[in-house]
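>>> model the structure of this input:
(one chain, ligands or ions: 2)
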Amino acid sequence: MINDVNPAISAVSFPKELRSSGEICVNNVSKSYGAGQFTKEVVQDCSFTIERNKLTVMIGPSGCGKSTLIRLLAGFEAPTTGSMTLNDKPITKPGRDRLVVFQESALFPWMTTYDNIMFGPRARGEDTQQARDLAEFLLHKVGLTAFRKKYPPQLSGGMQRRAELARAMINNPEVMILDEPFRGLDAMSKELMWEYYAGLFDESRRTSFFVTTDIDEAIFLADRLLIMTNIPARVRATLEIDVPRPRRLVDMVNCERANEVKMEALALLHEEAMKSFSGGSKAAADFVEAYAKRAHKAEVAQ
Ligand SMILES: Nc1ncnc2c1ncn2[C@@H]1O[C@H](COP(=O)(O)OP(=O)(O)O)[C@@H](O)[C@H]1O
Ligand SMILES: [Mg+2]
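Numbers count the residues shown, from 1 in each chain. Ligands and ions are numbered 1, 2, ... in the order given. Prediction:
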């Protein structure tokens, strides 16, 4: 059995080379696809801030436009109207200052864990002692020192996600952007990843933007929770999750404030999902069903 202890929650904290932390402002951003009568508005007059040193989580119904917003933030696409800035400078193209970790594994299957983590520095011609030290540090932080020579298919799903976090973090982005990164993991691995990721965040305090459809994941991780409308995406509400860090899952279950925010968030999400449900969307129907179950569970638990 693989030893899955959590070295992310340890006394050693991140060196300054791994602690960049910027701030993103999204101002009245809209995004449409197509033209004329085929125009589809996916993001509509959306404004929010991804505050420095905070973990901002965005939650919204499936298909509401979250990944579209991420492609805009990453600079892969441009908004139709509105603007976005990172540290007051306009975002116009992709950059190493904003790294996106996707749900799909981006690890190269033909490279070892170590080589995958070193990919960014090497691609920039920076295979320096400093980069190698940072790779060692991160390997340890994500608990993969013993798996440095393994290839991605030889790692469990959770280990692959951790390797991917290390591979992103070595590039020291100003903001880490994560698009449903733990989707597809089994429930147990997922909960382990929440604690893992929260531990890494607590130590680095790097500005993070985490997108999810999972309410428990959102509440456990977030300093601030942005609740999105159904498509076209806008921010419906912002909830501050003022529960002290570091957090442990066992404590969150009985945390009154966390449960309060959860009920509030579920009520809003349910309303948004119902809107698309009345439009006949299968994804929305699944969403309503899943959330109704969770809301019921939360009520029973109280
Ligand atoms: N390039 C595109 N052209 C047309 N429609 C798109 C394009 N990209 C996304 N969409 C539409 O935008 C909607 C939102 O997609 P997405 O941002 O992936 O949602 P989410 O990540 O919240 O599930 C979908 O209905 C999708 O069909
Ligand atoms: Mg998406």
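
>>> now do the residue of the stretch 51-200 of the chain found nearest ligand 2 against residue 151, distance only.
Residue nearest to ligand 2 within the stretch 51-200 of the chain: residue 67 (3.2 Å; C-beta to the ion). (Glycine included, C-beta is placed from N, CA and C.) As for residue 67, its distance to residue 151 is 28 Å (criterion: C-beta to C-beta, to the nearest Å).

>>> then residue 160?
Distance, residue 160 to residue 151, using C-beta to C-beta: 10 Å.

>>> so between the two, which is more surrounded?
residue 160 (20 against 16; other C-beta atoms under 10 Å).

>>> what does the host helix or strand of that one contact?
According to DSSP states H and E, residue 160 maps onto helix 157-169. Identification of contacts with helix 157-169 by C-beta atoms under 8 Å, 6 or more residues apart in numbering yields 2, 4, 18, 99, 101, 105-107, 113, 116-117, 119-120, 135, 138-139, 141-144, 147, 152, 155, 176, 181-182, 184-186, 189, 192-193, 196-197, 200, 204, 206.

>>> mind checking the backbone torsions on residue 140?
phi -60, psi -50 (degrees, to the nearest 10).

>>> and for it, the neighbour number?
15.

>>> for residue 91, same thing?
Neighbours of residue 91 using other C-beta under 10 Å come to 21.

>>> and what of residue 117?
Residue 117: 29 neighbours (other C-beta under 10 Å).

>>> my read: it touches residue 170, true?
Yes - contact between residue 117 and residue 170 holds when scored by C-beta atoms under 8 Å: they sit 5.8 Å apart.

>>> okay, and the common contacts of those two?
By C-beta under 8 Å, 6+ apart, the residues touching both residue 117 and residue 170 are 135, 138.

>>> what does this protein have sitting close to ligand 2?
Residues of the chain lying near ligand 2 by C-beta under 5 Å from the ion: 66-67.

>>> who in the chain is up against ligand 1?
33, 40, 42, 60, 62-68, 231 (C-beta under 6 Å from any ligand atom).

>>> in helices, which of these fall?
Mapping the residues of the chain next to ligand 1 onto helices (DSSP state H) picks out 66-68.

>>> among those residues, who's most crowded?
Neighbour-wise, those (other C-beta under 10 Å) top out at residue 66, 23 neighbours.

>>> on that earlier part again, can you give me the buried ones in the helix holding residue 160?
158-169 (16 or more other C-beta atoms under 10 Å).

>>> give me the distance from that helix to the chain's centre.
Remark: helix 157-169 is offset 13 Å from the chain centroid, using C-alpha atoms, centre = their mean, to the nearest Å.

>>> quick one: the helices in the chain?
Secondary structure of the chain (DSSP H): helices at 66-74, 113-117, 119-123, 129-141, 157-169, 187-204, 215-221, 249-253, 256-278, 282-301.

>>> for the last one, give the mean pLDDT please.
By that I understand helix 282-301. The pLDDT scores in helix 282-301 average 65.

>>> what does the second one give?
Per-residue pLDDT over helix 113-117 has a mean of 98.

>>> for the residue nearest the centre of the chain, name its beta-bridge partners.
Central residue of the chain (C-alpha atoms, centre = their mean): residue 210, 2.3 Å from the mean position. In this structure, residue 210 bridges to residue 57, residue 178 when assessed by DSSP bridges.

>>> got the contact list for it?
Residue 210 makes contact with 55-58, 178, 181, 218, 221-222, according to C-beta under 8 Å, 6+ apart.

>>> check residue 274 and give its pLDDT.
Reported pLDDT for residue 274: 80.

>>> next one: it from residue 261, what distance?
Look at residue 274 and residue 261: by C-beta to C-beta, they are 20 Å apart.

>>> these two: which has the busier surroundings?
When neighbours are counted by other C-beta under 10 Å, residue 261 comes out ahead of the other of residue 274 and residue 261, with 21 against 16.

>>> thought residue 238 was touching the more buried one, still the case?
No - if you go by C-beta under 8 Å, residue 261 and residue 238 don't touch, sitting 11.2 Å apart.
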